[in-house]
Structures are given as structure tokens and as C-alpha cells.
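Colleague: 3D, please:
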Amino acid sequence: MPSGKPLALRSWPKRLWRLFLAFFPQGEGGDDAFALAFLQGEERTLYLAMDPRDRAHAVRVAKRLLRDHPDAPAFVIRAALLHDAGKALRPYRPLERILTGLYAPNVPPYPLRRGFWGAFQVRRHHPLYAAERIRDPQVRALVLEHHRPQSLWGRRLHQADQEE
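Modeller: Numbers count the residues shown, from 1 in each chain. The predicted structure is shown next:
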């Protein structure tokens with residue numbers, strides 16, 4: 001049963017937990033077999049390139065979508081599994097994960113820089129970076145809109161992402 005609090009407030013404890021996990025990637029174990037059963041071709045490579053924390057999160061998001069919407073089309077589940085694949089574009093170190101989780105300045109997507117500037121770019125533009133590497137137009141569109149949903153499935157993906 002949903003809480004009376006807005007989704008943004010309900011998600012803070014989980015966001016803080018994810019920030020804490022930034023220091024312990026070995027503690028996160030995703031269900032890669034689950035993910036790979038849905039993904040196709042180069043999508044598998046994109047998924048496996050993701051940090052273990054991001055893969056575990058992606059699997060939780062996909063499973064939540066399936067739990068809440070058992071009729072979800074396969075492309076939606078694939079988008080859930082790849083929605084954070086853009087974070088794998090460059091190393092995303094624990095301190096950078098924490099800093100960018102707390103502060104996200106408006107930065108351009110390109111050229112991709114090193115250091116904290118690059119970390120801010122990855123945080124802000126990871127949907128774009130992932131979408132540029134996904135061939136399936138339906139999966140690409142959902143990944144691109146997962147922070148600013150435009151469609152019904154985009155809203156559902158965004159909600160599952162916020163709750164996991």
C-alpha cells in the first residue's frame with residue numbers, strides 16, 4: 001500500500017542506502033541469469049559492462065515492473081535492465097557516486113571529461129549515453145526517458161526506478 005508521502009520523499013531511504021553501497025560493490029550481487037534471459041545480442045554486452053551495483057539495481061527494477069505489471073512487454077523489461085547502462089561509459093568511483101548523488105550541476109554531455117566533471121556528466125546524461133548504444137528503438141526510447149517520462153511505460157519505469 002502506498003505511503004501518503006510523495007514518491008520523492010519515500011525514495012530517500014533507498015537512495016541513501018544506494019549511496020552507502022557505493023563503497024561496497026562486492027556486497028551487491030545481481031541476478032545476471034535473470035537479466036541475460038531477457039536481453040538480446042549487444043544488450044547483453046552493455047548489461048555485463050555495468051557495475052555490479054547498477055546491475056543489481058537494474059534487476060530489482062525489472063522484477064518490480066514484472067511484479068506490478070505482469071503484462072509488461074519484453075522491451076520494457078529490457079529497458080529496465082539497461083536504464084543505467086550509460087553509467088558504464090567511464091569508471092564511476094565510490095566518492096564520485098556519492099558526490100553526484102548529492103549534487104548534480106547542469107553540465108553538457110560532450111565532450112566527456114575526466115574527474116568530477118566527467119562524473120557529473122555521467123550522472124546527468126547516463127540515459128543519453130545508454131540510448132546511443134541501444135539498437136532497438138523501443139528500448140532506446142524508454143531508456144532515454146526514464147528520468148523524464150513521456151509515455152505510460154516510461155512513467156512506470158521511472159516509478160519502479162525510484163522505488164528500487
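Colleague: you'd agree Pro109 is up against Ala131?
Modeller: No: with contact defined as C-beta atoms under 8 Å, Pro109 does not count as touching Ala131 (11.1 Å). C-betas here are computed from N, CA, C, even on glycine.
Colleague: more crowded one of the two?
Modeller: Ala131 (23 against 14; other C-beta atoms under 10 Å).
Colleague: ok, that one - contacts?
Modeller: 86, 140-141, 143-144 (C-beta atoms under 8 Å, 6 or more residues apart in numbering).
Colleague: ok, the spatially most central residue of the chain - contacts?
Modeller: What sits nearest the mean C-alpha location of the chain, by C-alpha atoms, centre = their mean, is Asp84, with 2.9 Å. By C-beta under 8 Å, 6+ apart, Asp84 lies in contact with 50, 54, 57-58, 126, 130.
Colleague: please repeat the previous calculation with a cut-off of 6 Å.
Modeller: With contact set as C-beta atoms under 6 Å, 6 or more residues apart in numbering, Asp84 has these partners: Asp54.
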